[in-house]
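In: need a structure here:
(chains A and B)
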Amino acid sequence: MAKILGGIATSHIPAIGVAMDKGLEQTPYWKDFFDAYPPVREWLYAQEPDIAVIFYNDHGLEFFHDRKPTFAIGAAAQYENADEGWGIAEIPPVTGETELSWHIVNQLIEDEFDITVCQEMKVDHGLTVPLTLMWPGHKYGHIKVIPIAINCERHPMPKPSRCFDFGKAIGDAIRSYSGNQKVVIFGTGGLSHQLDGQRAGFINKPFDLYCMDKIVNEPEALTKFTNFDLVEQAGSQGVELNMWLAMRGALQGTLTELHRSYHLPISNTGAGLQLLATSDAAMLI
Amino acid sequence: MSQVSHIPGNIMFDGPMATKGYPLNKMCYSFNNANGRKAFLANEDDYCEKFGLSVEQKQAVKNRDVIAMLEAGGSIYYLAKFAGILGLNVQDVGGLQTGMTTDEFKAFLVQQGDK
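Out: Predicted coordinates:
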């Protein structure tokens, strides 16, 4: 059966991609942020996953308001990035996967998550920045990606508890797949930030640290929040915690927290990085 | 969402706001395309007219008034694309909305770590 090795939660701020394009990783502003990533990459490379399931939110590249799904999954052999309008460099296509995608879709429908399926889908910085962070220099072509988009822009949006359950259904689907693939789950975005309104610049470090603490073994402390609570506590874009909760929902059993770091501010955001390994991950010495 | 007013300085982007903001957001969505950006810069008024912006939205665009654009139903995801045309990043936009200079806004962000 397919195995889930663990979950990685990471920020997907566009400025990170821009900084990497410009080679700014070791400049004073960025150094501490980027120095957190090598240990997570080392774990990832040593585990040799075949597939990455990435929870992200589209920021107006693929989905405009004319048709904006609450939950959408890709089932395509390849995904392209494209011009987002404000200058982040486009990156080479992302390798896709269809068999496990369709299996997940079938299982989700059985589980009463009636998801939108995309056989063609442009992926934006929400997905590409995490990929670039994990495999710098665009060396991600070998990993098969299953993109899963969650609406985090327009209210109403799925509740934190629902996102967690959605992730759980996806985790169950992966674990029931007859292949022997090794899968890693990504929760992207967050943590607290607010880009819009007179409240712009709001960041809540104590809340972010609370979330990173609770998500390991008490995610139910977070799933009790409403999206309104998240806006209040974490800013209007802090609802991106929902992608972390979907990732966490997909993990099962005893988890080992192998990394946790937090930097503020990165752009307008409190940026978290966290690695949770399952007992199906290889033990590394 | 009747809770909107409970968070000062926050303009909740919900269904009715998405209805109101549709022309403005659709125009800004077109800025994903280089031709859209070029056409806007060539003739702003014509371009706003083409997407059917309301009088309030046209005025907010003309004034580069981010708060007014949000109040007219703009979604920050799409307004960010507009900001890109103007050469503004999210710290510049943060400053514009809070009445700070960009440097003051950046310092404000750093201070959030002291809480």
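In: So for residue 66, what's the pLDDT?
Out: Here I'm looking at chain A. Note on A:Asp66: pLDDT of 98.
In: hmm, I had chain B in mind actually
Out: So, for B:Val66, pLDDT stands at 96.
In: Sketch out the helices for chain A, chain order is fine.
Out: A:14-21, A:31-35, A:37-47, A:99-110, A:125-134, A:160-175, A:205-217, A:220-223, A:227-234, A:241-250 (DSSP state H).
In: Please disregard the earlier target; I meant chain B.
Out: Remark: helices assigned in chain B by DSSP H are B:15-29, B:34-42, B:44-50, B:55-62, B:66-71, B:76-85, B:90-98, B:102-111.
In: Switch these over to a markdown table; also include mean neighbour count and distance to chain A.
Out: Using the backbone N, CA and C atoms, a C-beta is placed for each residue, glycine as well. Putting these into a markdown table (neighbours: other C-beta atoms under 10 Å in any protein chain shown; distance: least, C-beta to the nearest C-beta, whole Å) gives the following:
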| stretch | mean neighbour count | distance to chain A |
| --- | --- | --- |
| helix B:15-29 | 20 | 5 |
| helix B:34-42 | 14 | 7 |
| helix B:44-50 | 14 | 14 |
| helix B:55-62 | 17 | 14 |
| helix B:66-71 | 21 | 6 |
| helix B:76-85 | 23 | 3 |
| helix B:90-98 | 22 | 4 |
| helix B:102-111 | 16 | 4 |
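In: so of the helices of chain A, which one's packed in deepest?
Out: Among these, helix A:241-250 has the highest mean neighbour count (mean count of other C-beta atoms under 10 Å in any protein chain shown), at a mean of 29.
In: if we can go back for a sec, need the helices of chain A in a markdown table (columns: mean pLDDT and distance to B:Lys26).
Out: Converted to a markdown table, the helices of chain A look like this (pLDDT from 0 to 100; distance: least, C-beta to C-beta, whole Å):
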| stretch | mean pLDDT | distance to B:Lys26 |
| --- | --- | --- |
| helix A:14-21 | 94 | 22 |
| helix A:31-35 | 97 | 35 |
| helix A:37-47 | 97 | 37 |
| helix A:99-110 | 98 | 30 |
| helix A:125-134 | 97 | 21 |
| helix A:160-175 | 98 | 28 |
| helix A:205-217 | 98 | 34 |
| helix A:220-223 | 98 | 35 |
| helix A:227-234 | 97 | 25 |
| helix A:241-250 | 98 | 26 |
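In: who wins for proximity to B:Pro16 among these?
Out: helix A:227-234 (16.0 Å; C-beta to C-beta).
In: Which strands and helices lie in contact with that closest one?
Out: helix A:205-217, helix A:241-250 (3 or more C-beta pairs under 8 Å, 6 or more residues apart in numbering or on different chains; DSSP states H and E).
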